[in-house]
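>>> Mind looking at a prediction? Sequence and model below.
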Amino acid sequence: MRELKSLFFSVLLLFVFTTDMSAQDALLRGVVKDSSGKAIEAVSVSVNGEPGGSITDQQGKYEIKLAPYRDLLIIYSFIGYATERRMIRMNPGEERILNIQLKSTSRDLGTVNIEAERP
């Protein structure tokens, strides 16, 4: 009987510590849009110096789990847009919404004239 109680409390403690450890992550989410307010799909959302990251979905939404109590540089990048960087620090279990607007780096060439002569 004593061994059964000891096993029960050991399993209970393991469960409590495991649950507590998983609750330590922070959650960052938001939407990435262009300057006209249109959602941008497939934007890379990464943490500088950390593996992994996220990519925005068709509605421009992203979600990424982060380690708390650290200064983290979040990088948003997509071809044709200027890369955006944000420094954040989050608490354990915190959920934060960070919406981003990317600026286009495309340039209008104006008028292009094409001339050709027949040989």
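On my side now, so go ahead. Residues are numbered from 1 along each chain as shown.

>>> any low-confidence regions in this structure?
Where the chain drops to pLDDT under 70, the residues are 1-23.

>>> switch to 50 and redo it
For the chain, applying pLDDT under 50 flags the ranges 7-8, 11-14, 16-21.

>>> which residues of it fall in helices?
Assigned by DSSP state H, the chain shows helices spanning 2-22.

>>> can you give me the strands for it?
Here the chain has its strands, by DSSP state E, at 26-34, 44-47, 54-55, 61-66, 72-77, 84-88, 95-97, 100-102.

>>> Out of those, which is closest to Arg118?
With C-beta to C-beta, the closest approach to Arg118 among the strands of the chain belongs to strand 26-34: 43.6 Å. Quick note: C-beta positions are derived from backbone N, CA and C, even for glycine.

>>> Show me what the closest one packs onto, helices and strands only.
Secondary-structure packing of strand 26-34 (3 or more C-beta pairs under 8 Å, 6 or more residues apart in numbering; DSSP states H and E): strand 61-66, strand 95-97, strand 100-102.
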